[in-house]
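Student: requesting a structural model of the entry that follows:
(one chain, ligands or ions: 1)
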Amino acid sequence: MAAETRSFQAEVSKLLHIVANALYSEREVFLRELISNAADACDKLRFLAISDPDLTADDSAFKIRISADEKAKTLTLSDNGVGMTEAELHDNLGTIARSGTSAFVDEISGDAKKDTSLIGQFGVGFYSAFMVADKVEVLTRKAGESTGWLWTSDGLGEYTVAPAEKATRGTIITLHLKKDAKEFLEKQRLQTIVRTYSDHIPFPVVFVEGEDEDTLNQASALWTRPKSEISDDDYKEFYHHVGHAFDDPWMTVHWKAEGRIEYHGLLFVPSQRPFDLFHPERRHHVKLYVKRVFITDEIEGLVPSWLRFLKGVVDCEDLPLNVSREMLQHNPVVATISKALTKRVLGDLAKKAKKEPEAYAEFWRNFGAVLKEGLYADGAEHKEALLDLVRFKSTAGDELASLDGYIERMKEGQEAIYYIAAEDEAAAKASPQLEGFVKKGVEVLFLTDPIDEFWVQTMFDGVKGKPLKSITRGGADLAAIKSGDAEKKSDAETKDDEAKDTGLVDGLIVSVKLALGATVKDVRTTDRLSESPVCLVADETDMDMNLERMLRQHKQLDQAAPRVLEVNPDHALIKGLAKLVQDGRTDGIEDAAHLLFEQARILEGEPVSDPKAFTRRFSEVMVKALGA
Ligand SMILES: Nc1ncnc2c1ncn2[C@@H]1O[C@H](COP(=O)(O)OP(=O)(O)OP(=O)(O)O)[C@@H](O)[C@H]1O
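Tutor: Numbers count the residues shown, from 1 in each chain. Okay, here's the model as predicted:
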């Protein structure tokens, strides 16, 4: 069989280009990445050997060996793990199959600093070898097969794979070090790097010099060690390994369960939001071990999807080692661990939210939208705990509001927790429906994540007995709420005004209804507005407007339900029009009604429904106003 040369997938080429240039100051991490891959390869084989012991019959002592050749200027890493077939070499070291890769590559800017931080989120794994080497060789033989393969590349666009002799299973990676990377030939330097980054790897990492083998790391599973013996740095490095991560853990949860089911859990919440968090294929990164043996990192049911940002390890004593993936699917042990794990993580998040609200706000910005999925997905099970954890932007200020905080701030006479669902904070703040609430000092929560629309609808019992109410649907019932400081007028005065204005506006309302016909569901006065003359709201029994907009955008709904047009009886324009109607001067009212309606649509961020008629009417009004 002849050697075959192929081009790297375009994304890999781009990645290699930044790897070679950007991550300069931290380039020693290449060793951690390669050791991490070697350890994963040992983990994988140890698992396969449970059902096929022949695979490791000749050599069951997993080990990662490092050696340096001063003369040839090469650094070599070898493992006796699972190895790769020819096809796997192409798949793993020529492409990046990870979800979200193309989105990541699109963001590459050419600005070294930005790209470096981007890479931090993405993780470059094997390709980091090209930070220190200008040529890399990977000689590998898959466990159970007799042929070996040699992968070679200078990282500049192409790689070659050829058949090659290899006496034993596993992988040997040879790095031809760049001129300025000779420091990685020194044992001392290598030892320091291994201790710093790979001490916790559960396989021995040894330095080989002639016949001598010197173990550089502790080689015990970190999660089984007592917490008191583990430093923050140990946790951090383990997180880098297990999560293939470059950022630091934002929160570490480490515990040992000793009840009916025994297991260790060591979980991390990242401090950076992974770029693929909302990718449909995104799964959690929690690995399942059984009695220190890695089983799988693709286990459904261990971590709920709304905690998919978690990374780490669960190591169970009470599952059989030869457990199959199918058996894990509906396993009661796994279900019990999942429940306990979720409770523990939520409990620790609650503590952190209380003790360090600022740090929690950071977490919330990264993962809040995901956590909220739990309110919708898992129904009752963790609802109480999640309701304590949710945070919102609100009209109360820049700080995030909790539901408890909101309830404490509720005004006398206020029965509901008010919210507005909108595309983003700016859109929420610009909503006319908010005006009356702001004026009265009644806080309104901004619900700006798409998932919000779904979970609020499941809150039949409200929060602590208070219903959640959208301010863009149904009546505003602001009158029942006692005025806040923001409103100067006495309540008696307000009532008086209302009576007067409503009387005056009644005639106008009838005329506008007649003019608009079925375009609107109803026309009525409101106390929801203070600056704007009109706004649209959904009828109590209809779908909230933001949800409808969202569904229309996603082509899940063709037609919008007619809205209720609300008019502000205190606005000069409405008062003026009402006066005209009262005086019987109604010839311009039909045009005015349409203009009011279109205005309300514009305020809603929606296109005018009839641009041509709108322009004509608008021009006519202007002409009149100019007296031309
Ligand atoms: N020493 C090795 N033995 C066997 N397979 C390996 C080895 N090194 C790498 N691989 C294979 O190559 C794949 C790609 O490795 P790479 O380090 O680029 O990415 P990764 O480990 O999957 O993820 P990350 O980029 O987050 O580190 C691995 O998933 C693994 O299948």
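Student: now do P53 against the ligand, distance only.
Tutor: Distance from P53 to the ligand, counting by Cβ to the nearest ligand atom, to the nearest Å: 20 Å. (Glycine included, C-beta is placed from N, CA and C.)
Student: distance check, that residue against L321.
Tutor: Applying Cβ to Cβ, to the nearest Å, the value for P53 to L321 is 12 Å.
Student: these two: who's more crowded?
Tutor: Comparing P53 with L321 by other Cβ atoms under 10 Å, the one with more neighbours is L321, at 13 against 10.
Student: which residues does the more buried one contact?
Tutor: Taking Cβ atoms under 8 Å, 6 or more residues apart in numbering as the criterion, L321 is in contact with I50, V290, K291, V293.
Student: hmm, which of the residues you listed is lowest in pLDDT?
Tutor: Note: of those, the lowest pLDDT belongs to V293, at 81.
Student: so it touches S51, yeah?
Tutor: No: between V293 and S51 there is no contact under Cβ atoms under 8 Å: 12.0 Å.
Student: those two: who's more crowded?
Tutor: Looking at V293 and S51 with other Cβ under 10 Å, you find the greater number of neighbours at V293, namely 15 against 10.
Student: how many residues are close by the residue nearest to the more buried one when sequence neighbours are not counted?
Tutor: Leaving out its chain neighbours, the residue that sits closest to V293 by Cβ to Cβ, 6 or more residues apart in numbering is R46, at 5.6 Å. When neighbours are defined as other Cβ under 10 Å, R46 has 22 of them.
Student: how about the contacts made by D134?
Tutor: D134 is in contact with D154, G155, H176, L177, K178, counting by Cβ under 8 Å, 6+ apart.
Student: the third one is in what secondary structure piece?
Tutor: By that I understand H176. Assessed by DSSP states H and E, H176 sits inside strand 170-177.
Student: describe which strands that strand pairs with in its sheet and in which direction.
Tutor: Counting by DSSP bridges, the strands paired with strand 170-177 are strand 74-79 (antiparallel), strand 133-141 (antiparallel).
Student: next, the buried residues of the first one.
Tutor: By neighbour count, with 16 or more other Cβ atoms under 10 Å as the criterion, the buried positions of strand 74-79 are T74, L75, T76, L77, S78, D79.
Student: what do you get for the longest one?
Tutor: When burial is assessed from 16+ other Cβ under 10 Å, strand 133-141 yields the following buried residues: A133, K135, V136, E137, V138, L139, T140, R141.
Student: how near is M410 to E399?
Tutor: As for M410, its distance to E399 is 17 Å (criterion: Cβ to Cβ).
Student: who has more neighbours, these two?
Tutor: Legend: neighbour count by other Cβ under 10 Å for M410 and E399, higher for M410 (16 against 13).
Student: list the contacts for the more buried one?
Tutor: Neighbouring residues of M410 by Cβ under 8 Å, 6+ apart: I417, E443, K466.
Student: next one: H264
Tutor: Neighbours of H264 in contact, by Cβ under 8 Å, 6+ apart: W223, T224, W255, K256, A257, V313, V314, D315.
Student: can you do 6 Å?
Tutor: Going by Cβ atoms under 6 Å, 6 or more residues apart in numbering, H264 touches W223, T224, K256, D315.
Student: now tabulate those in JSON lines and tack on neighbour count.
Tutor: Shown next, in JSON lines, are the contacts of H264 (neighbours: other Cβ atoms under 10 Å):
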{"residue": "W223", "neighbour count": "24"}
{"residue": "T224", "neighbour count": "14"}
{"residue": "K256", "neighbour count": "14"}
{"residue": "D315", "neighbour count": "23"}
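Student: narrow these to those in strands?
Tutor: Of the contacts of H264, the ones assigned to strands by DSSP state E are K256, D315.
Student: pick out the residue in this structure sitting closest to the ligand.
Tutor: Nearest to the ligand, among the residues of the chain, is G125, at 2.2 Å (Cβ to the nearest ligand atom).
Student: surely that residue meets L34?
Tutor: No: if you go by Cβ atoms under 6 Å, G125 and L34 don't touch, sitting 8.8 Å apart.
Student: with neighbour numbers in mind, choose between the two.
Tutor: Neighbours were tallied for G125 and for L34 using other Cβ under 10 Å; the higher tally belongs to L34 (24 against 19).
Student: lowest-confidence helix or strand of this protein?
Tutor: Here the helix or strand of the chain ranked lowest by mean pLDDT, DSSP states H and E is helix 112-122, holding a mean of 68.
Student: show me what secondary structure element comes after whatever helix or strand Y263 lives in.
Tutor: For Y263, the host element (DSSP H and E) is strand 262-270. Counting by DSSP H and E, the next helix or strand C-terminal to strand 262-270 is strand 285-290.
Student: that next one vs the ligand: in contact?
Tutor: No: using Cβ under 6 Å from any ligand atom, strand 285-290 never reaches the ligand; the gap is at least 9.3 Å.
Student: buried sites along that strand?
Tutor: Buried residues in strand 285-290 (16+ other Cβ under 10 Å): H285, V286, K287, L288, Y289, V290.
Student: where does the residue lying closest to the last one once chain neighbours are set aside land in three-state SS?
Tutor: Spatially, and ignoring its direct neighbours in sequence, V290 is nearest to L319 (4.8 Å; Cβ to Cβ, 6+ apart). In three-state terms, and counting by DSSP: H, G, I helix; E, B strand; the rest coil, L319 is coil.
Student: got phi/psi on the residue nearest to V463 when sequence neighbours are not counted?
Tutor: Closest residue to V463 apart from its sequence neighbours, by Cβ to Cβ, 6+ apart: L403 at 5.1 Å. Here is the backbone geometry of L403 (degrees, to the nearest 10): phi -70, psi -40.
Student: measure L403 to A476 for me?
Tutor: Distance, L403 to A476, using Cβ to Cβ: 21 Å.
Student: can you check R27 too?
Tutor: 61 Å.
Student: which one of the two has more residues nearby?
Tutor: Between R27 and A476, counted using other Cβ under 10 Å, the more crowded position is A476 (22 against 19).
Student: check contacts around the residue nearest to that one when sequence neighbours are not counted.
Tutor: For A476, ignoring the flanking residues on the chain, the nearest one in space by Cβ to Cβ, 6+ apart is R528 at 4.0 Å. The contact partners of R528, taken as Cβ under 6 Å, 6+ apart, are Q433, G436, A476.
Student: and for G301?
Tutor: Applying Cβ under 6 Å, 6+ apart, we find G301 in contact with V334, S338.
Student: tell me the pLDDT at it?
Tutor: 88.
Student: for it, helix, strand, or coil?
Tutor: Three-state call for G301 (three-state DSSP): coil.
Student: dihedrals phi and psi, it?
Tutor: Main-chain torsions, G301, degrees, to the nearest 10: phi 90, psi -10.
Student: got it, and the one 3 residues further on?
Tutor: Listed backbone geometry of P304 is phi -60, psi 150, with angles given as degrees, to the nearest 10.
Student: got the contact list for it?
Tutor: By Cβ under 6 Å, 6+ apart, the residues touching P304 are T342.
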